[in-house]
Structures are given as structure tokens and as C-alpha cells.
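Engineer: this one's structure only:
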């Protein structure tokens, strides 16, 4: 996933940043299409396979600023299903970006091959990231006709 190399930086907490950084600015600055957006963060994500193991790689860009030693949980929700993924590594940390108040947090989640098929067909309406005391709800990013 080439977009991971473009997103070095950090995140801050889910509270408003004094820098005035906005979701629109993040989406404009990053070349890839967002997977989801929250009030103060943008979620970029994609599937990857390494040696027969599957990972759902995520990058949160925005105000999330966290250092975890106990991992994270990603919960996909749709009208007819819920899928919970645990992070691959328990320890990870947000990094600062060149833009004041913007953080980048990279987290990989373990996913089974049969869950990949479920995720592709179910079309989740929201994704919630739970890490420490942060519970960030991302909704599906809708691209306007002007942007396509």
C-alpha cells in the first residue's frame, strides 16, 4: 500500500485543534481516497496479505494522539452484521506531521480470509476505532460528483 509511505506524521486527541486543521484540508492534502471520516479525523484503509496472513491496514490522520501498549479494536457495523478486528501489535504510537496539530496513527488489524469476503459484500455504514479512552466513529466518506 503505497499511501502508507505518504502519510508520515502524527495525530492529536479527538478534541478541536488550535491549528484550525479541518477534515477538508486533510482530504485535500492526502492523495488517497478516505475510507471514512469523523469529526476530527480521516481514516485511510486497505487490505494487505503477507505470507498467507491478511491485514487490514489503517492510517488515521487528524487529531488522534495516542500511545498504546494494549492494542486497539476496529468495529465495522452495518444493518445486518458487525465485525470486530483486533490490532496486530499491542504497541503503537501517533506521530506528528509537518502540519501543526495534525497527527498520523498507523494501526494494522488481523483479519481472516472469510471475514474479508463478508466485509466486501456487507458494505459497512460505520467503523469505530476503540483505543484507550478514544472511541472514534467514522462514517463512510462520500465523494461529490465534482471530485470524481
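Structural biologist: Thanks, I have the structure now. Bear in mind the structure is a predicted one, so any value in this text is a computation, not a measurement.
Engineer: Assign the most centrally placed residue in the chain to helix, strand or coil.
Structural biologist: With distances taken as Cα atoms, centre = their mean, residue 43 lies nearest the centre of the chain, 3.2 Å away. Assigned by DSSP: H, G, I helix; E, B strand; the rest coil, the conformation of residue 43 is strand.
Engineer: From residue 69, how far off is it?
Structural biologist: Note on residue 43: its distance to residue 69, by Cβ to Cβ, to the nearest Å, is 22 Å. Bear in mind the C-beta positions are built from the backbone N, C-alpha and C, glycine included.
Engineer: Show me what the helix ranked longest in the chain packs onto, helices and strands only.
Structural biologist: Across the chain, the helix with the greatest residue count (assigned by DSSP state H) is helix 113-122. Counting contacts by 3 or more Cβ pairs under 8 Å, 6 or more residues apart in numbering; DSSP states H and E, helix 113-122 packs against strand 82-86.
Engineer: which of the residues in the strand it packs on are buried?
Structural biologist: For strand 82-86, a neighbour-count test (16 or more other Cβ atoms under 10 Å) marks 83, 85 as buried.
Engineer: All the strands of this structure, residue numbers only.
Structural biologist: In the chain, the strands defined using DSSP state E lie at 36-37, 41-50, 53-62, 67-68, 73-77, 82-86, 92-93, 95-96, 103-111, 126-131, 134-140.
Engineer: Pipe those into JSON lines and attach distance to residue 26 per row.
Structural biologist: Below are those laid out as JSON lines (distance: least, Cβ to Cβ, whole Å):
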{"stretch": "strand 36-37", "distance to residue 26": "9"}
{"stretch": "strand 41-50", "distance to residue 26": "5"}
{"stretch": "strand 53-62", "distance to residue 26": "5"}
{"stretch": "strand 67-68", "distance to residue 26": "21"}
{"stretch": "strand 73-77", "distance to residue 26": "19"}
{"stretch": "strand 82-86", "distance to residue 26": "23"}
{"stretch": "strand 92-93", "distance to residue 26": "19"}
{"stretch": "strand 95-96", "distance to residue 26": "14"}
{"stretch": "strand 103-111", "distance to residue 26": "10"}
{"stretch": "strand 126-131", "distance to residue 26": "16"}
{"stretch": "strand 134-140", "distance to residue 26": "13"}
